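Q: Here's my sequence, what's the structure:
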Amino acid sequence: MPLRPGWGKLGRPSQLRTNFFAVRLPKDAVYYEYEIAISPQAQAKGDRRARILELVEESPALAAFRQYVAHDRSQRLVSSRELPQPLSVAVRYLEVDQADDPNALNFTVDINFQRELRMSSLNDYMDGKPEHRSIDTQPFISALNLVMQSYASKRGVRVGGNKYFFPSGAQQHPLSLGVEAHRGFFMSIRPMYKQLMVNINVCMTAFYTPGNLAQAMFAFQEQTGHGMPQTFADRLKVSTKHLGYTKKSTIARIMTSLTARSYRFDCEELGRKVSVEEYFKIKHKITLRHATDLPLINVSMNPKRPVCLPAEICEIVPGQAYRGKLDGEQTAAMIRYACNPPEFNGNAIVQQGFDQLGLRTDSGAPALAAFGVSVDQQMAVVPSRVLPSPRITYSSGDAQVRNAGWNIVNVKLHSGGTIGHWAVLLVQEGRRGEFTSVSDPELIAFLKTFLAKCNASGIAGADKPPKIISVNLPSPQGDNNRERAIDAIRNTLRGNFNPKAKPSFVLVLLSGIDRYIYPGIKKLCDIDMGIHTVHMLLSKARDSRGNRQDQYFSNVVLKVNAKLGGMNHLLDSSSMKWLTEKKTMIMGIDVTHPSPGSAPGSPSIAAVVASVDDNFVQFPASMTLQKPDWNKESKEMVENLTAMTIERLQLYLKKNKRLPDRIFVYRDGVSEGQYHLVLREELPKIQAAFKQISPKAPYKPTLTIAICGKRHHARFWPTASGDMTQNGNTVPGTVVDKGITDIYNHDFYLQAHQGLQGHVRPTHYTIVYDENRYSADVLQQGTHTASYLYARATKAVSLVPAAYYADIACERGRDYLNVLMNLADDRSSAAGGPRTTADREAEKERVYENAVKMWGKGIHVDLKESMFYI
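A: Below you'll find the model as predicted:
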């Protein structure tokens, strides 16, 4: 990776507070790292492993060292004092409230010395001298994170890598039936130039609502008319007390057709076959109240030996992060809860955060004191700059940029596309707000208003009346995945359009939001028929209050023009110079993966977009599927990147009669830990494309690759009112490349957009490869001004458009596989019991093959050279 070429100087200087706090250690601190080995290993997993380590801490063998150690409750331990070797602890496994058990499991825990960690090496790395760049800081950072998180890990719930939640003292915010949101804190050690820091941020996540499982099942029945979904209960942890102590189990499956009265099993203890209801009455003196009206749950992972429990004796264990994908309503509720202004988040960090994470000197956190660690209570202050905004140009009219946005009243698009002929599809479902028919006078007036907007904006051919067609969709009842409805739309389109004389686009008028219809139409038209579609939601498009309809039509016009190959707006020539001084192509790359709600075996979808000329407005896309398990380590990497890059270069060659001299890649969706994979896996694939596109004459364009990161936890607070928006955010154009950036690598935080809601998050750009040797100012201001070129809006966007387009294309790919990627159905089984590994693998392969079949040949050839996805 290239060294930082210097720091940026362009822009108005400022200072910001940031959620990084100085961490101090003894100058010559030495810590000791150990590996924890538990045997028998097969029986020491999950929660049991964490409980074993609690018992180790309570044992006499570790009593003298307890306050000097920190561990991850699994396999790593660090100590501020050297532990005796060999160190082996015998543990008799008992739950917290279990008095004794003659059949208790016995474990042996070996704590084996691995290495000394001399913090002087970390100090050398932070000094910033090039000869120290190769020092591996991971062992030091990992050990310090264990120390810093020791207090939180014992009192809170860890979610993911470094997020802690404290459900017992937290305010719960309901998201939906059985799911609630909790506020917690992210915490991670970061080495900065001359200073070790800890990054602390507010974070949110969804948890299962604790309580009695039977009551939760009844709530689902009452509110949804159905039982608790298998997908909700899958791997849900429950606790029981009928054995005299608290025992945790994991739900393998709801036995939907079996009740405590109907299910009978051979009971050796009672010497006969009994029902679950009888067993609990005889053995545990428990009379079940719901023996006939609730299903049993199976808590055995062995398909041949089910263990069935009545729901009414089970409690949903508190502090379980929700594993499903939040739906639209849940996501909206989460955003409302999480969308807090900067001042609120800052106060939460320095008040509740420091208290709950145990970072105060008087918090009673023995690990910090034992390791000689202290944390500054004040946020760090770092230098920043506010970059100048570019000038926006149209073919006629003037656009004044204010707060990273501008108005397009009385302007004509820079280059309007041309409508040959077009069509309107009325999707009729009997909802309120629909037009009555294709000849409805209100529809005719509606379309005239839209055409007037297109014409005024400079789109050629906008005076032509459309062909209006209508489709009445069958009822959703009994229409699995709305397949009959999609067939009706397919037949209507094919019956009205000649494949050799397709409309320039079809305006689809929808009266409501449906999880199947929109993605179904996109797949039908993008892949099967090769027709551009633009959708309007009538509840918004017919909103006559104020100028809402005019604004809505303006936004739709921007989409239409981009799909037709037009240019909505450009930047002034000086803002474009960094790109136009040599023939340059900008590429954007992203990958989207199956979500928790996807069918197992669903593919990842990769997208590569690239500019086609010197205007950097049109970005056609290449898209492909990739099997998630082809290369687990490189799952995020794009497998077919060579072919996709060649496809983008071929189109550039077709449009320009030559290949570009420079290529700039904005790569989205890669974490810091995967930067090396981009260089190891993707860089050679891009370079291979250069060789294959020109096999005879050597083609070697200069290449730059920048990673765009949004999933970071750096936040900023203005220190001066002049650098602050009305809601307390930093102003658009804010850039930070000192204080909390990498010691050696070339990176910066850029906020190009206006933060309208909540606490604005900048994008973190890191240059991982740079043959063009760009200066800091050129990269920072170039990326900043490019953020104003997003075709679908009249404002700067938070992510550079090339990367944004790749992300949008990936999401469109999910629409094509909608029933697999977004709406995997609840595959319940009355028989119960998990299937074998072979069964699950076969099912994954079947799902993947189905995805390949649904994908077909991919994007229709008639749309491949356009921004069909916008």
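Q: and the longest helix along the chain, how far from the chain's centre?
A: If you go by DSSP state H, the chain has its longest helix at helix 837-855. Taking CA atoms, centre = their mean, to the nearest Å, one finds the center of helix 837-855 at 24 Å from the center of the full chain.
Q: Show me what it is packed against.
A: Applying 3 or more CB pairs under 8 Å, 6 or more residues apart in numbering; DSSP states H and E, one finds that helix 837-855 contacts strand 621-626, helix 818-821. In this view, the C-beta of every residue, glycine as well, is placed from N, C-alpha and C.
Q: Quick one, which of those gets closest to Ala365.
A: For these, proximity to Ala365 was assessed by CB to CB; helix 818-821 is nearest, at 43.6 Å.
Q: For that closest one, which helices and strands make contact with it?
A: Helix 818-821 is packed against helix 517-523, helix 837-855, with contacts defined by 3+ CB pairs under 8 Å, 6+ apart.
Q: can you pull out the helices in the stretch 251-400 of the chain?
A: Ranges of helices in the stretch 251-400 of the chain, per DSSP state H, counting those that start in this stretch, are 276-284, 328-338, 342-348, 354-357, 366-370.
Q: Kindly apply the preceding question to the stretch 551-700 of the chain instead.
A: 573-580, 641-656, 675-677, 683-693.
Q: which other residues reach the last one?
A: The set of residues that contact helix 683-693 without belonging to it, under CB atoms under 8 Å, 6 or more residues apart in numbering, is 638, 641-643, 645-646, 649-650, 653, 659, 663, 665, 699-701, 703, 705, 769.
Q: and what of the longest one?
A: Under the contact criterion CB under 8 Å, 6+ apart, helix 641-656 has outside partners 583, 585, 587, 589, 606, 608-613, 620, 622, 624, 638, 659-660, 682, 685-686, 688-689, 692-693, 865.
Q: at 7 Å instead, please
A: 585, 587, 608, 610, 612-613, 620, 622, 624, 659-660, 682, 685-686, 688-689, 692-693, 865 (CB atoms under 7 Å, 6 or more residues apart in numbering).
Q: hang on, the earlier thing: closest to Thr259 out of the helices of the stretch 551-700 of the chain?
A: Of all the helices of the stretch 551-700 of the chain, helix 675-677 comes closest under CB to CB, at 51.0 Å.
Q: buried set for that closest one?
A: Residues 675, 677 are the ones in helix 675-677 that count as buried (16 or more other CB atoms under 10 Å).
Q: Report the distance from it to the chain centre.
A: The chain centroid and the centroid of helix 675-677 are separated by 19 Å under CA atoms, centre = their mean.
Q: got it, and stretch 92-100?
A: For stretch 92-100, the distance to the chain centre is 40 Å (CA atoms, centre = their mean).
Q: are any of the contacts of helix 641-656 buried, and which?
A: Judged by 16+ other CB under 10 Å, buried ones among these: 585, 587, 608, 610, 612, 620, 622, 624, 659-660, 682, 685-686, 689, 693.
Q: tell me which of the residues you listed is nearest to Val424?
A: Nearest to Val424 among the buried ones among the contacts of helix 641-656, with distances taken as CB to CB, is Pro620, at 25.7 Å.
Q: I'd like to know the average pLDDT value across the longest helix of the chain.
A: The average pLDDT within helix 837-855 is 91.
Q: now stretch 10-18
A: pLDDT averaged over stretch 10-18 gives 98.
Q: Got phi/psi on Gly458?
A: In terms of degrees, to the nearest 10, the main-chain angles of Gly458 are phi 110, psi 10.
Q: Show me where the stretch 101-250 of the chain has its helices.
A: Going by DSSP H, counting those that start in this stretch, the stretch 101-250 of the chain shows helices at 119-126, 138-148, 150-155, 213-224, 230-233.
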